[in-house]
Structure formats: C-alpha cells, structure tokens
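> heads up, no residue letters with this:
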C-alpha cells in the first residue's frame with residue numbers, strides 16, 4: 001500500500017469516459033478529449049476512468065455476456081484513473097492527478113478488510129447506501145463458489161437489455177469473505193465504477209430485507 005497514490009482510497013467511485021487522446025496543458029498536466037458519453041452536469045465524484053475509444057469493443061462483449069476476467073484485465077490495462085474536472089462545455093477531462101488503474105486495483109487487494117455488507121435474497125440485492133445494488137441469486141452463488149470471477153450480476157427486468165441498465169462484478173474469495181474488487185453499474189451507457197467497495201460473507205447467510213423493495217429498474221442509477 002506504500003506505493004499507492006494518496007489522492008484516492010479504496011471504495012472510491014469513478015465514472016468511465018471514452019476518450020480520443022490526450023494533450024498537455026501549459027502546467028504539464030494532461031487534458032483528455034471526451035468521445036462519450038455526453039454529460040449535461042459533471043458527475044458527483046471527481047474521479048474518472050479514461051478508456052481509449054478504440055477499446056469500445058469491450059463494452060459490446062460485456063453487454064453480450066462474453067467478457068471474462070481475462071478480458072476485463074486486458075481492458076483495464078489500457079485505462080487511466082484520474083482525479084480531475086470536466087471542462088469546456090463537458091468536452092474535455094482536465095486531470096490533476098492520474099495513475100494506471102489495474103496496478104492500483106491489484107495493490108489494493110492487500111488493503112484492510114472493506115465494509116462487510118449483508119446480502120438480501122428476498123430482493124436480490126446489497127444495500128451499500130440509500131439505494132439497492134441488485135445482484136441476482138445466480139451471480140451471488142457464483143461469487144461464493146469461485147476463487148475469483150468477473151460476470152454479469154444483474155440486468156434490469158423492465159429494460160431487458162444489459163446496455164440499458166446492468167451490474168457487473170469482479171469478485172475474489174478471501175477465506176470467510178468475498179471481496180468485490182471492481183464493480184460496474186451501467187445506466188444507459190454511463191458506467192459508475194467502484195474500486196474495492198465492500199465485502200460479503202462467504203457463508204451465504206440469509207438476511208430479510210430491512211424495508212420494502214423498490215420496483216426493479218428503480219435505484220439502478
């Protein structure tokens with residue numbers, strides 16, 4: 001952990017942006033030209049995952065359920081994690097700090113235990129904050145069984161297509177816990193990604209939902 005940057009910590013959320021290349025600012029920092037998605041307002045988090053637009057084929061394979069852990073690693077090897085701002089009418093990302101994301105994710109495997117969250121099978125979700133994070137029972141069971149995996153965790157029943165609303169998890173079993181190493185929440189092509197956000201019990205303990213479940217499709221954002 002000594003070699004990891006101080007400007008970001010495990011659990012952070014970063015918005016993935018496709019870019020068409022980077023240029024230098026006069027102060028030496030870099031500016032990335034946004035290829036998509038389009039934003040009207042800046043995301044709440046100052047962190048961004050910047051992926052080359054030519055790697056957009058990964059998104060297609062991901063939505064079709066054809067991207068495995070090796071594919072994810074190869075994709076993330078080309079992605080930079082930056083702290084910065086959207087500038088010039090949301091056309092550019094101005095980076096204050098940046099680091100390759102895959103080595104950081106690997107380094108954070110040794111981070112202290114992340115928050116332990118219960119799984120609520122009656123709604124098929126975790127509740128990491130005010131809104132549920134849907135993970136269907138099959139994906140939950142697969143994460144419990146595999147030493148490490150990356151898979152589709154949920155697709156919105158109402159939307160029916162992964163490109164509309166979906167969740168994808170990279171998980172690693174660690175003794176009596178399963179760590180979520182990387183999480184993608186897709187909402188209409190906008191990927192909100194969390195880095196080592198939480199862990200859950202490997203024993204598969206059942207928990208009743210603490211409150212009525214919203215309709216599927218709500219809270220996926």
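In hand now; what should we look at? Because the structure is predicted, anything quoted here is derived from the model rather than measured.

> for stretch 178-195, how far is the first residue from the last?
This stretch, stretch 178-195, spans 14 Å end to end (C-alpha to C-alpha, to the nearest Å).

> how close does the residue located most distally from the centre of the chain sit to residue 94?
For the chain, the largest distance from the centre (C-alpha atoms, centre = their mean) belongs to residue 26, which lies 32.0 Å off. To residue 94, residue 26 is 12 Å away according to C-beta to C-beta, to the nearest Å. No exception for glycine: its C-beta is placed from N, CA and C like everyone else's.

> cool, and residue 104?
In terms of C-beta to C-beta, residue 104 sits 20 Å off from residue 94.

> These two: who's more crowded?
residue 104 (18 against 15; other C-beta atoms under 10 Å).

> Help me confirm that that one is found in a helix?
Yes - judged by DSSP: H, G, I helix; E, B strand; the rest coil, residue 104 forms part of a helix.

> How about the contacts made by it?
Residue 104 is in contact with 4, 5, 8, 81, 195, counting by C-beta atoms under 8 Å, 6 or more residues apart in numbering.

> any chance you could map the helices in this protein?
In the chain, the helices defined using DSSP state H lie at 57-63, 69-76, 101-107, 137-145.

> Make CSV from these and add mean pLDDT and distance to residue 120 to it.
Shown next, in CSV, are the helices of the chain (pLDDT from 0 to 100; distance: least, C-beta to C-beta, whole Å):
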stretch, mean pLDDT, distance to residue 120
helix 57-63, 97, 26
helix 69-76, 98, 26
helix 101-107, 97, 27
helix 137-145, 96, 10
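
> Dump those helices to CSV, plus distance to residue 172.
Listed next are the helices of the chain as CSV, based on distance: least, C-beta to C-beta, whole Å:
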stretch, distance to residue 172
helix 57-63, 19
helix 69-76, 10
helix 101-107, 11
helix 137-145, 9
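
> What count of nearby residues applies to residue 3?
Neighbour tally, residue 3, other C-beta under 10 Å: 7.

> quick one: contacts for it?
residue 107.

> Against residue 30, how distant is it?
21 Å.

> Find the residue ranges of this protein scoring beneath the pLDDT cut-off.
Residues of the chain meeting the criterion pLDDT under 70: 1-2, 204-221.

> Could you rerun that using 80?
Low-confidence segments of the chain, defined by pLDDT under 80: 1-3, 203-221.

> Strands of that one, start to end?
In the chain, the strands defined using DSSP state E lie at 13-24, 30-36, 47-52, 80-87, 92-100, 125-126, 133-134, 148-155, 165-174, 177-187, 190-195, 199-201, 216-219.

> can you list those in JSON lines and add distance to residue 63?
Below are the strands of the chain laid out as JSON lines (distance: least, C-beta to C-beta, whole Å):
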{"stretch": "strand 13-24", "distance to residue 63": "14"}
{"stretch": "strand 30-36", "distance to residue 63": "15"}
{"stretch": "strand 47-52", "distance to residue 63": "15"}
{"stretch": "strand 80-87", "distance to residue 63": "23"}
{"stretch": "strand 92-100", "distance to residue 63": "24"}
{"stretch": "strand 125-126", "distance to residue 63": "21"}
{"stretch": "strand 133-134", "distance to residue 63": "16"}
{"stretch": "strand 148-155", "distance to residue 63": "9"}
{"stretch": "strand 165-174", "distance to residue 63": "7"}
{"stretch": "strand 177-187", "distance to residue 63": "8"}
{"stretch": "strand 190-195", "distance to residue 63": "11"}
{"stretch": "strand 199-201", "distance to residue 63": "25"}
{"stretch": "strand 216-219", "distance to residue 63": "17"}
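
> Fine by me, thanks again.
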